[in-house]
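Engineer: what follows is a predicted protein model with its sequence.
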Amino acid sequence: MDQNNVQFEINPALDRAALQKRFIQDHRLQIRDVLEPASAEGLREIFASQINWGLAWRAAPSDPKNYRFEDLSSMQPSELQSLSEQAHAAIGSGEYGFLYRQYPMLEAYLNKWDPGHPLDKMLEHLNSPPFLDLIRDVTGIDTIIRASAQATSYEPGNFLSEHDDSHSMEPRRVAYVLHLTIPDWKSEWGGFLNFFDEEGNVSLGLKPVFNSLNLFRVPQRHSVSLVAPSAPVGRFSITGWAMDP
C-alpha cells in the first residue's frame with residue numbers, strides 16, 4: 001500500500017461531550033468504533049502484512065533494548081528463546097520486564113528507515129488536527145500538541161508488566177492505545193490493558209477490541225497481560241503518548 005492511500009477518518013458520530021464527561025470522572029476510557037470502518041480495516045491489513053517487526057525487550061535489572069528486524073534476522077532461534085526466558089524470569093522474580101514485537105514509528109520516520117512506508121503517513125495523521133483535536137476534546141487538556149507512536153504486536157507469550165509511565169522526562173499527559181487486532185479477539189487470549197488499585201487488584205481490564213481507542217491519564221499503574229499461547233495472531237495496536245510542548 002502506498003502511503004498516500006493510507007486512510008485515517010475519525011468516526012464523526014462520536015459524542016465527544018459524553019466521552020469527556022466519562023474521562024474526567026474516571027481518568028480513562030475506551031472509545032469504540034473510533035475510526036470509519038474502511039480506515040480501521042486498511043490499517044489492520046498494514047499490520048498484518050507490511051511491517052518488518054523488531055522486538056522490545058527488558059528483563060530488569062538489565063536495561064531495555066529495542067532490536068530491529070535486521071537484528072532478529074541474524075539471531076539463532078536459541079538466542080530469541082533466551083531473550084524470552086530472561087524476560088519471563090524477571091517478572092517471575094518480581095522485577096520489571098516486557099517482551100513484544102514493535103516498530104518505533106517516530107524513530108523510523110526521522111531516520112528514514114523505510115521511505116514511503118504507510119506508517120510514515122500514519123504518524124503524520126496522528127500529529128494532525130483531527131486526531132489531536134479528538135484527544136483534546138475527550139480529555140479536556142487543550143495544551144496537548146503532539147503524539148509519539150510505536151506499532152506493536154503482542155504475540156503469544158508476550159507481555160508488558162506493571163508500571164506507570166512516570167519514568168520519562170517527556171511531558172506526557174495522556175497515553176493512548178489504538179487497537180487494530182482481529183475483530184473477533186477472544187477474552188481467553190489475554191492481551192488486556194489492566195489497571196490496578198493500591199492493593200494490586202485489577203480495577204479495570206480493557207479487552208483489545210478492534211477499532212477502539214483507549215485513553216488514560218499519566219501516571220496510572222497498568223500492564224498488558226500475557227497473550228496466551230493459544231492466540232492465533234498477534235494483538236496489533238499503535239501506542240504512544242499525547243504530550244504538551
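Structural biologist: In hand now; what should we look at?

Engineer: which residues touch the lengthiest helix in the chain?
Structural biologist: When the chain is parsed with DSSP state H, its longest helix is helix 77-92. Helix 77-92 is contacted from outside by 55, 57-60, 62, 72, 96-99, 157, 159, 161, using Cβ atoms under 8 Å, 6 or more residues apart in numbering. C-beta here means a position set from N, CA and C on the backbone, and glycine is covered the same way.

Engineer: after it, next one along is what?
Structural biologist: strand 97-103 (DSSP states H and E).

Engineer: helices or strands up against that next one?
Structural biologist: The contact analysis (3 or more Cβ pairs under 8 Å, 6 or more residues apart in numbering; DSSP states H and E) places strand 97-103 against strand 54-59, helix 77-92, strand 150-154, strand 159-163.

Engineer: pick the most buried one from the ones you listed.
Structural biologist: strand 150-154 (a mean of 24; mean count of other Cβ atoms under 10 Å).

Engineer: can I get that one in PDB? Just the C-alpha atoms.
Structural biologist: The C-alpha trace of strand 150-154 is given here as PDB (Å, rounded to 0.1, in the frame of the first residue of the first chain):
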ATOM      1  CA  GLN A 150       5.000   2.900  18.000                       C
ATOM      2  CA  ALA A 151       3.400  -0.100  16.200                       C
ATOM      3  CA  THR A 152       3.100  -3.100  18.400                       C
ATOM      4  CA  SER A 153       2.200  -6.800  18.000                       C
ATOM      5  CA  TYR A 154       1.900  -8.800  21.300                       C
END
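
Engineer: who does it pair up with?
Structural biologist: strand 97-103 (antiparallel), strand 235-243 (antiparallel) (DSSP bridges).
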